[in-house]
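Peer 1: I would like to see how this sequence folds:
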Amino acid sequence: MPLLVRRPVALGAARDRTSRSRRALRRLKILSRQTPLLLLAGLFVVTGVVAGLFYFNDRPTTLRIAVGPPGSEDARLVQAIAQQFGRDRSTTVRLVPIVKEGPGAAARALQNREVDLAVVRRDVAFPAAAQAVAVLHDNIAVLMVPAEGSLAAGGPKPEAPARPASRRRAKASATPATPAPARIDSIEALAGRRVGLVGPGMGDREILGSILRQYQVPIDKVTVVPLDARDVAGALRAHPVDAVLALGPVASPHVAGAVAASSNGRTGPTFLEIGASEVIAARMPVYEEAELKAGVFGGQTPQPADAVETLGFKHYIVARRSVPEDTIADLTRQIFMARQTLSSEFPMAARIEKPDTDRDAAVPAHPGAAAYIDDDQKGFFDRYSDFIYIGAMALSGVGSGLAWLASHLRADTRSRRQRLLERLLGLIGKAHAARDLAALAALDREIDAILARVLLPSSRDGLDHVSLAAYTLAFDQARAAVAARRAQVAGGAAGAVMPGSDAAAAAKSAPSADPAPGPSATILRMTKPADGT
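Peer 2: Numbers count the residues shown, from 1 in each chain. Below you'll find the predicted structure:
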């Protein structure tokens, strides 16, 4: 590109940059004049953010909980807890039950992030990403032999009609006597027998298998008869058994129904002790040692008569690790508050217990549940104190920056006013040195331009009385100096004479007189004379 072409382009770009910088400076000045409003707006924003945090912190959080199977005691209890949360307006957590086929399906739903909470069994597909919120209930294994004549054993035997003694002796001699089956008095004697199994569902056969293996009874030597937990009596009436294994909480209807069906009204069932429960629990940590207390089932005679050692396992309410701690802490608090309210309608609600909060617990507790149980729950300011502190520091920094910017722009405004005042004072000296009317007219136009800049709204903001008085004095003196010099120049042009004429000679011969000082002399004394005047 030729030099003559490049130079105008560069000058145009420089002018564009200068105009942009001036516009930016003008915006900053406008912004500096709005600093109090900006600070007030910032205060409103911070107040709104804090109010929003309070609102969202107190707003109820909805969590989905998987439970099963349908119609089970666990499903009914969780549904009752959810309804209790919905009735209480002070609750901050709400529950939406999602019914699954059983604890295994609930565990898979939690593992797949379909739900936030789940009711699971420790021994059935326990999800790896789960942490305990509460122990919904303890379960025990009640292994018993039905009393003779009980519903579980086939009911009372019908009495045969009386026969003559001669006929009885003849029939006895004709048919050989069949030996009665041996009475079951230990777990080893279950081989070749029918064992009825009633429990919450999936995992029940595994418990029976673990017990039989410990006592070296092959599982294929035992006939397992599944019983409907919703109608234990009807299932036993249709399928009599030699022994019953009932799994679940002691207060559950199906366990109590199995014990009642195994009694004949006079005597209760014979409870078989699982003496190797400690060994089974050590080999399989999903189970634990438990005890069936004496007289826990009541009746005319205490059932059982003595404490019986047995095997146990737990149902947990678990949550995903990603659920916030404060949400789980509020949920744990609400569950234990609703426990007493629901215990009259649901006796199992009274069995809800806190989880183990030790670091080495088999099922780790969720940090939110542990915080509530250990009385270490954080309040609002404890949770957000860091954010509030950082926000206050940031707001202070922004306020300081705005204050510095406003001060800097005010200093720039003062400097500009000082330069305008110096220009006015300089115009006074230029007026005295002007030699023609055109120069004085140019000085008048410059004074008008300075006046316009002073009277602009952007320049009037922050103009104090001292600055206004200085501008007024400078303008008056500049106008007076121009007017006085214009009068002098106009008078000299009107009275000009040709050299060598009689008037010129008369002027030279006339005595010199010092005329009285005019207004221009007064103005000059009031102002600092310009250089060269």
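Peer 1: residue ranges for the helices of the stretch 201-350 of the chain, please.
Peer 2: 204-214, 232-238, 253-261, 277-283, 325-342 (DSSP state H, counting those that start in this stretch).
Peer 1: longest strand of this protein?
Peer 2: strand 130-145 (DSSP state E).
Peer 1: and the angle from that one to helix 204-214?
Peer 2: Interaxial angle, strand 130-145 versus helix 204-214 (axes from the mean of the first three to the mean of the last three Cα atoms, to 10 degrees): 60 degrees.
Peer 1: how many residues are close by the nearest residue to residue 268 once chain neighbours are set aside?
Peer 2: Of all residues not flanking residue 268 in the chain, residue 303 sits nearest, at 4.3 Å (Cβ to Cβ, 6 or more residues apart in numbering). (C-beta placed from N, C-alpha, C; glycine too.) Residue 303 sits with 21 neighbouring residues when counted by other Cβ atoms under 10 Å.
Peer 1: what about residue 303, distance to residue 328?
Peer 2: Distance, residue 303 to residue 328, using Cβ to Cβ, to the nearest Å: 40 Å.
Peer 1: quick one: average pLDDT of the longest strand of the chain?
Peer 2: The average pLDDT within strand 130-145 is 94.
Peer 1: what's the answer for stretch 296-311, then?
Peer 2: Rounded mean pLDDT across stretch 296-311 is 86.
Peer 1: again with stretch 273-282
Peer 2: Mean predicted confidence for stretch 273-282 is 92.
Peer 1: how about it: buried residues?
Peer 2: Residues of stretch 273-282 classed as buried by neighbour count (16 or more other Cβ atoms under 10 Å): 273, 274, 276, 277, 280, 281.
Peer 1: next, format those residues as TSV and append distance to residue 234.
Peer 2: Formatted as TSV, the buried residues of stretch 273-282 follow (distance: Cβ to Cβ, whole Å):
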residue	distance to residue 234
273	29
274	28
276	33
277	31
280	32
281	34
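Peer 1: so which of those comes closest to residue 146?
Peer 2: residue 273 (16.7 Å; Cβ to Cβ).
Peer 1: which residues sit in contact with that closest one?
Peer 2: 308, 309, 310 (Cβ atoms under 8 Å, 6 or more residues apart in numbering).
Peer 1: please redo it, this time with the cut-off set to 6 Å
Peer 2: 308, 309 (Cβ atoms under 6 Å, 6 or more residues apart in numbering).
Peer 1: returning to that earlier point: out of the buried residues of stretch 273-282, who's nearest residue 65?
Peer 2: Nearest member of these to residue 65, counting by Cβ to Cβ, is residue 281, at 28.3 Å.
Peer 1: tally of neighbours for residue 301?
Peer 2: 12.
Peer 1: distance of it relative to residue 244?
Peer 2: Distance from residue 301 to residue 244, by Cβ to Cβ: 19 Å.
Peer 1: repeat for residue 253
Peer 2: 15 Å.
Peer 1: so for whatever helix or strand residue 468 lives in, what gets flagged as buried?
Peer 2: Element membership of residue 468 [criterion: DSSP states H and E] is helix 465-494. Judged by neighbour count using 16+ other Cβ under 10 Å, the buried positions of helix 465-494 are 467, 470-471, 474-475, 477-486, 489.
Peer 1: and the residue lying closest to residue 109 once chain neighbours are set aside, which of the three is it?
Peer 2: Spatial nearest neighbour of residue 109, chain neighbours left out: residue 66 (4.3 Å); criterion: Cβ to Cβ, 6+ apart. Here residue 66 is recorded as strand under DSSP: H, G, I helix; E, B strand; the rest coil.
Peer 1: what's around residue 66, how many residues?
Peer 2: The burial count for residue 66: 23, using other Cβ under 10 Å.
Peer 1: need the pLDDT of the one residue sitting closest to the centre of the chain.
Peer 2: Central residue of the chain (Cα atoms, centre = their mean): residue 324, 6.1 Å from the mean position. Note on residue 324: pLDDT of 91.
Peer 1: ok, now residue 390?
Peer 2: Confidence score, pLDDT, at residue 390: 81.
Peer 1: on the three-state scheme, it is what?
Peer 2: Under three-state DSSP, residue 390 comes out as helix.
Peer 1: quick check: the closest residue to residue 327 other than its chain neighbours vs residue 388, distance?
Peer 2: Excluding its sequence neighbours, the residue lying closest to residue 327 (Cβ to Cβ, 6+ apart) is residue 61, at 5.2 Å. Distance from residue 61 to residue 388, counting by Cβ to Cβ: 22 Å.
Peer 1: so what's the residue count around the nearest residue to the residue nearest to the centre of the chain once chain neighbours are set aside?
Peer 2: Excluding the flanking residues, the one nearest residue 324 by Cβ to Cβ, 6+ apart is residue 368, at 7.2 Å. Residue 368: 24 surrounding residues under other Cβ under 10 Å.
Peer 1: just the one 3 residues further on next, same as before
Peer 2: As a burial measure, the neighbour count of residue 371 was computed by other Cβ under 10 Å and equals 19.
Peer 1: I'd say it and residue 329 touch.
Peer 2: Yes. Between residue 371 and residue 329 there is a contact under Cβ atoms under 6 Å: 5.1 Å.
Peer 1: so residue 347 sits right up against residue 250, yeah?
Peer 2: No. Counting by Cβ under 6 Å, residue 347 sits too far from residue 250 to count as a contact (9.8 Å).
Peer 1: what about these two, which has more around it?
Peer 2: residue 250 (21 against 16).
Peer 1: how close does the more buried one sit to residue 122?
Peer 2: 18 Å.
Peer 1: same thing with residue 92?
Peer 2: 29 Å.
Peer 1: buried sites along stretch 243-261?
Peer 2: Going by 16+ other Cβ under 10 Å, stretch 243-261 has these buried residues: 243-250, 252, 254-261.
Peer 1: what residues does it touch?
Peer 2: For stretch 243-261, using Cβ under 6 Å, 6+ apart, the contacting residues are 73, 137, 139, 141-145, 151-152, 184, 190, 195-200, 204, 208, 229, 232-233, 236, 262, 296-297, 347-348, 351.
Peer 1: drop anything exposed from these.
Peer 2: 73, 137, 139, 141-145, 151-152, 184, 190, 195-200, 204, 208, 229, 232, 236, 262, 296-297, 347-348, 351.
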